[in-house]
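Enquirer: Provided below are the primary sequence and the corresponding predicted coordinates.
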Amino acid sequence: QVQLVESGGGLVQAGGSLRLSCAASGRSFSAYIMGWFRQAPGKDREFVARISRSGSSTYYSDSVKGRFTISRDNAKLTVYLQMNTLKPDDTAVYYCAADSRNVGEYDYWGYWGQGTQVTVSS
């Protein structure tokens, strides 16, 4: 099993940047696909980004491609989401997720953090 704790959310003006972190505990962090999802008020949770076990492969939703970067440090058991050029539409609770299977954006992910709020003001 793996436990996930997000941090780094907050209030930022449009055009600004934030970096989210997700610290994992448990065994074999490098065996997990890691991802970020978000849920805005009144909307379904949506996929944001995914990173392979080694970190060599990444995938993004069209809405964040070119603005967000997912990365991981397996030695520190941490995955990051660098968010640049933020827009008010990026306002949501951001969740870190993990799974030991080869999951994609439409699959069920087995492990979730508690979420961190990101608010982008116009």
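Expert: Yep, it's here. Residues are numbered from 1 along each chain as shown.
Enquirer: and stretch 49-62, end to end?
Expert: Using C-alpha to C-alpha, to the nearest Å, the end-to-end distance of stretch 49-62 comes out at 10 Å.
Enquirer: report the buried residues of that stretch.
Expert: By neighbour count, with 16 or more other C-beta atoms under 10 Å as the criterion, the buried positions of stretch 49-62 are 49-51, 53, 60-61. For glycine as for every other residue, the C-beta is placed from the backbone atoms N, C-alpha and C.
Enquirer: let me see the contact set for the spatially most central residue of the chain.
Expert: With distances taken as C-alpha atoms, centre = their mean, the chain has W36 as the residue nearest its mean C-alpha position (2.4 Å). W36 makes contact with 20, 22, 48-50, 70, 79, 81, 94-97 under the criterion C-beta atoms under 8 Å, 6 or more residues apart in numbering.
Enquirer: ok, of those, which one's closest to E105?
Expert: The shortest separation between E105 and any of the contacts of W36 is 6.6 Å, and it belongs to R50 (by C-beta to C-beta).
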